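Undergrad: quick check, what structure comes out for this input:
(2 chains)
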Protein chains: 2
Amino acid sequence: MTTEDVFGQIDPPQRLLMGPGPVNAHPRVLRAMAADMMGQFDPEMTTTMNQTMALYRRVFMTENRRTFLIDGTARAGIEAALVSLLEPGARVLIVRAGRFGLLLSEIAARIGADIRTLDVPWGQVATLAQIEAALVEHRPRVFACIHGDTSTTMAQPLAGVGALCRRYDVLSYVDATATLGGMAVCADAWDVDIVTGALQKCMGGPPGSAPITISDRAAEHIMARRHVEAGLRAGGTTDGVGTRIGSNYFDLSMVMDYWSDKRLNHHTEATSMLYAAREAARVVLSEGLEARFARHRAAGAAMTAGLRAMGLTVYGDDAHRMPSVTGVYIPEGVDGERVRDRLRMDFEIEIGTAFGPLAGQIWRIGAMGYNAMKHKVLLTLGGLEAALRQEGFTLPSGAAVDAALASYTASD
Amino acid sequence: MTTEDVFGQIDPPQRLLMGPGPVNAHPRVLRAMAADMMGQFDPEMTTTMNQTMALYRRVFMTENRRTFLIDGTARAGIEAALVSLLEPGARVLIVRAGRFGLLLSEIAARIGADIRTLDVPWGQVATLAQIEAALVEHRPRVFACIHGDTSTTMAQPLAGVGALCRRYDVLSYVDATATLGGMAVCADAWDVDIVTGALQKCMGGPPGSAPITISDRAAEHIMARRHVEAGLRAGGTTDGVGTRIGSNYFDLSMVMDYWSDKRLNHHTEATSMLYAAREAARVVLSEGLEARFARHRAAGAAMTAGLRAMGLTVYGDDAHRMPSVTGVYIPEGVDGERVRDRLRMDFEIEIGTAFGPLAGQIWRIGAMGYNAMKHKVLLTLGGLEAALRQEGFTLPSGAAVDAALASYTASD
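TA: Residues are numbered from 1 along each chain as shown, chains lettered A, B, ... in the order given. Alright, predicted model coming up:
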């Protein structure tokens, strides 16, 4: 059998991915994955794991000792957090303001949690007063919400939420998949118990690894549910008293043991994804968190200014929009999918479609991680303008790019 | 902040990994991961996913339409299979002949299954008669076993097992993590319902992706438990009637929808791992399955011959030993960990330690995937001989390498 029989080398198009993620990865991250494997418990491997933990403490702006990776995509991190925090029947309060809020309740339902929700219309965020009222009304064991929900492009403000949860003795979880590395995700300042993220959005890496950080308080809660595998049990190893965690793969008590100095075997760490996560964090920290957040803000502002100059209506209010992804209404009479196809086929630029109530209503245009750059914003606006013009939509030619450039000049 | 502050580039030692996996990845697989991301629903991405499915049908020797990847390490594939097959309370019969058989019951316990076991002493395998007697005694809904358990180095014979399961109307699951790509894993010939594997052993790739193949019968059983996420539900989408699957991430009904022409959004496919899995399969199929299995057999035979020529005792019986990993008793009076350290530090060769009842009793020496090669077997035997001599163990110098070379000559 020849190589030709089996489809040829991987050769993806050189396409600019300006959707809600995954986006183009930083070349340094891609190159890091070409490094060869290490033995799982070789000292170089455990050193690399420890370095990665140290790097992600800085990315999450936390002192949490337990800061590491879940081997799976972003929702693997979410499920690991929820299945480890929530026993069947435990009450959880979930803020639902978009598709990923719904995902949290979907996952919690499978755990058998007692689910209470704070439902917010898509495009809005919950106020601190609403959250406190819901905590008082429901008295949950766990509070869970999304930081940036790409389905609505809104970012939930989280200052003060951790303090509220402490006041009512509630463990807190935040999904920062779409924001980590693009805007401040500060586990300690928020005083939130578990935060999870992803690589393929603002971190500029590939999907497939979910960084997680866990407070001592949450770790203690989870370790009380710890059960060691029979195949590994040694003399003196005792099990916890809590209800056994409903998943082996996502049992954070075992994953914490694996990443601790105990190095108790669990899964085989996804070595190439570890390299990718490590390098993505090195790129992020070399740039500097504040500089990186400013770069995302500038890109988001320029994108918004450009879209408005084109005569389009941007979705949602400016106060809570994520800098990294912008929703924009598809103009009346324009076929949104035809415009996306033109952008992809003529310009090799991808922008995003939408989910649920916003499907067919808006496009979602990202400027994340390695793609939150001036030239990529300008090229995307120029391409979108041309695609709209080709579809017969009347607009002031050149205005979008000029407005985006002016926005960049103003933010310099 | 400078790059130096954040630990420097990834730079693993150039070490020969001759343990039970992960092993060194094929350079083509490592290079494939350096390709950039694709949009999740771009036609090039869905084409790549379909090609990967076609490749793994050939790797698993199956016509199963539903053959794809689980985004996680090998045990993610195991958990996806078991949590999707087993409802809480459903009876499962598990063959336990080593650590990974114990892992199956560990995972099944968390699902709340009614677990029955066929316990076999470590180092042995179950006979077809034992399996039939256990099926008759327990009348399970699902049968589960490990093909090759690296903890014991034994491979469970599976010819006839699928037919037995059909006769008693039992769904069957086989974990082929350690054997896929190294010896015949033939889902159709075995007539087994779900088989899962891994990349980091005989497939010559990195850990972090679990290939899976699912029969129509198993798919039908699982689809009866299907529930679509609220955030994605469209008019006309109906849910199944069975008990909802206890995990979102591992819900094979949703993962099947995602990999089907429906392309219903679930996780974000781990793109770099998809490239790795695709390239690993291309390498395997370019070599040819039969040639690859022969290469593993030759390496295993030479390793065994060399170890015996050194005066060591090989673990377990030759009839059922996996070619890809060989257990060997640590000689009386020799400190096994000191020998492993010498091999690592002086020769940059890693061999494996052992789990459970075999911990401190045997080393496990692999010759898997890209490492199942004559020169790597010879270098490992030469290094082990020197390390043993340095530790004061008396052996016939040179005999191991000569015996391995003779074994290779005999198998030419």
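Undergrad: which residues in chain A form strands?
TA: Ranges of strands within chain A are A:16-17, A:66-70, A:91-96, A:114-119, A:142-146, A:148-149, A:154-155, A:171-175, A:194-196, A:210-214, A:325-329, A:349-350, A:362-366, based on DSSP state E.
Undergrad: can you tell me the strand partners of the third one and which way each runs?
TA: Each strand that strand A:91-96 pairs with, and the sense of that pairing, follows from DSSP bridges: strand A:114-119 (parallel), strand A:142-146 (parallel).
Undergrad: list of residues touching the last one?
TA: What that stands for is strand A:142-146. Outside strand A:142-146, the residues that touch it by Cβ atoms under 8 Å, 6 or more residues apart in numbering or on different chains are A:82, A:85-86, A:90-95, A:97-98, A:100-101, A:104, A:108, A:113, A:126, A:131, A:135, A:156, A:158, A:161, A:165, A:170-175, A:177. In short, each C-beta sits where N, CA and C put it, glycine included.
Undergrad: what do you get if the cut-off is 6 Å, keeping everything else the same?
TA: For strand A:142-146, the external contacting residues (Cβ atoms under 6 Å, 6 or more residues apart in numbering or on different chains) are A:85-86, A:92-95, A:100-101, A:104, A:156, A:165, A:170-173, A:175.
Undergrad: so which of the residues you listed is the most crowded?
TA: The most crowded member of these, judged by other Cβ atoms under 10 Å in any protein chain shown, is A:Asp175 (30 neighbours).
Undergrad: who in the stretch 51-200 of chain A is up against chain B?
TA: A:Gln51, A:Asp71, A:Gly72, A:Thr73, A:Arg75, A:Ala76, A:Glu79, A:Arg99, A:Leu102, A:Glu106, A:Ile107, A:Arg110 (Cβ under 6 Å from any Cβ of the partner chain).
Undergrad: correct me, but the second one touches B:Arg75?
TA: What that stands for is A:Asp71. No: the pair A:Asp71 / B:Arg75 is not scored as a contact, 9.4 Å apart, by Cβ atoms under 6 Å.
Undergrad: pull out the buried positions in stretch A:128-137.
TA: Judged by neighbour count (16 or more other Cβ atoms under 10 Å in any protein chain shown), stretch A:128-137 contains these buried residues: A:Ile131, A:Glu132, A:Ala134, A:Leu135.
Undergrad: how far out from the middle of the chain is that stretch?
TA: Relative to the chain's own centre, stretch A:128-137 is displaced by 25 Å; criterion: Cα atoms, centre = their mean, to the nearest Å.
Undergrad: what does it rub up against?
TA: Where contact means Cβ under 6 Å, 6+ apart, the residues beyond stretch A:128-137 that reach it are A:Leu93, A:Leu118, A:Gly160, A:Leu164, A:Tyr168.
Undergrad: ok, longest helix in chain A?
TA: Across chain A, the helix with the greatest residue count (assigned by DSSP state H) is helix A:289-309.
Undergrad: by proximity to chain B, which residue of the stretch 101-250 of chain A wins?
TA: A:Gly208 (2.9 Å; Cβ to the nearest Cβ).
Undergrad: check what pLDDT that residue gets.
TA: You'll see A:Gly208 listed with a pLDDT of 98.
Undergrad: contact partners for it?
TA: The neighbours of A:Gly208, taking Cβ under 6 Å, 6+ apart as the test, are A:Thr73, A:Met273, B:Ala270, B:Met273.
Undergrad: what about it, distance to A:Tyr56?
TA: Per Cβ to Cβ, to the nearest Å, A:Gly208 is found 15 Å from A:Tyr56.
Undergrad: before we move on, what about A:Leu378?
TA: Counting by Cβ to Cβ, the gap from A:Leu378 to A:Tyr56 is 32 Å.
Undergrad: also A:Gln200?
TA: Distance from A:Gln200 to A:Tyr56, by Cβ to Cβ: 16 Å.
Undergrad: make JSON lines out of the strands of chain A and add distance to B:Arg217.
TA: Compiled in JSON lines, the strands of chain A are given as follows (distance: least, Cβ to Cβ, whole Å):
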{"stretch": "strand A:16-17", "distance to B:Arg217": "39"}
{"stretch": "strand A:66-70", "distance to B:Arg217": "32"}
{"stretch": "strand A:91-96", "distance to B:Arg217": "36"}
{"stretch": "strand A:114-119", "distance to B:Arg217": "34"}
{"stretch": "strand A:142-146", "distance to B:Arg217": "37"}
{"stretch": "strand A:148-149", "distance to B:Arg217": "39"}
{"stretch": "strand A:154-155", "distance to B:Arg217": "45"}
{"stretch": "strand A:171-175", "distance to B:Arg217": "36"}
{"stretch": "strand A:194-196", "distance to B:Arg217": "36"}
{"stretch": "strand A:210-214", "distance to B:Arg217": "33"}
{"stretch": "strand A:325-329", "distance to B:Arg217": "42"}
{"stretch": "strand A:349-350", "distance to B:Arg217": "38"}
{"stretch": "strand A:362-366", "distance to B:Arg217": "40"}
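Undergrad: tell me which of A:Gln200 and A:Tyr56 has more neighbours.
TA: A:Gln200 (31 against 25).
Undergrad: for the stretch 301-412 of chain A, which residue gets nearest to chain B?
TA: Residue nearest to chain B within the stretch 301-412 of chain A: A:Glu350 (4.2 Å; Cβ to the nearest Cβ).
Undergrad: neighbours of the residue nearest to that residue when sequence neighbours are not counted, how many?
TA: The shortest distance from A:Glu350 to any residue other than its chain neighbours is 4.2 Å, reached at B:Gly39 (Cβ to Cβ, 6 or more residues apart in numbering or on different chains). Using other Cβ under 10 Å, B:Gly39 is surrounded by 26 other residues.
Undergrad: and the one 3 residues further on, by the same measure?
TA: Other residues near B:Asp42 come to 18 when the count uses other Cβ under 10 Å.
Undergrad: tell me the contacts of the residue nearest to the spatial centre of chain A?
TA: By Cα atoms, centre = their mean, chain A has its centre lying nearest to A:Thr177, at 1.1 Å. The neighbourhood of A:Thr177, defined by Cβ under 6 Å, 6+ apart, consists of A:Ala74, A:Gly197, A:Ala198.
Undergrad: check the spacing between the last one and A:Thr179 real quick.
TA: As judged by Cβ to Cβ, A:Ala198 and A:Thr179 stand 10 Å apart.
Undergrad: show me the helices in the stretch 1-150 of chain A, by range?
TA: Along the stretch 1-150 of chain A, counting by DSSP state H, counting those that start in this stretch, helices occupy A:27-32, A:43-59, A:74-85, A:99-111, A:128-138.
Undergrad: just those helices: most buried one?
TA: Using mean count of other Cβ atoms under 10 Å in any protein chain shown, the stretch among the helices of the stretch 1-150 of chain A with the greatest mean number of neighbours is helix A:74-85 (a mean of 28).
Undergrad: got the CA positions of that one in PDB?
TA: Output in PDB follows, covering the C-alpha atoms of helix A:74-85 (Å, rounded to 0.1, in the frame of the first residue of the first chain):
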ATOM      1  CA  ALA A  74     -12.500  22.900  27.200                       C
ATOM      2  CA  ARG A  75     -15.700  21.000  28.100                       C
ATOM      3  CA  ALA A  76     -13.500  18.300  29.600                       C
ATOM      4  CA  GLY A  77     -12.300  20.900  32.100                       C
ATOM      5  CA  ILE A  78     -15.900  22.000  32.800                       C
ATOM      6  CA  GLU A  79     -17.000  18.500  33.400                       C
ATOM      7  CA  ALA A  80     -14.000  17.700  35.700                       C
ATOM      8  CA  ALA A  81     -14.800  20.700  37.800                       C
ATOM      9  CA  LEU A  82     -18.500  20.100  38.100                       C
ATOM     10  CA  VAL A  83     -18.400  16.300  38.600                       C
ATOM     11  CA  SER A  84     -15.800  16.700  41.300                       C
ATOM     12  CA  LEU A  85     -17.600  19.600  43.100                       C
END
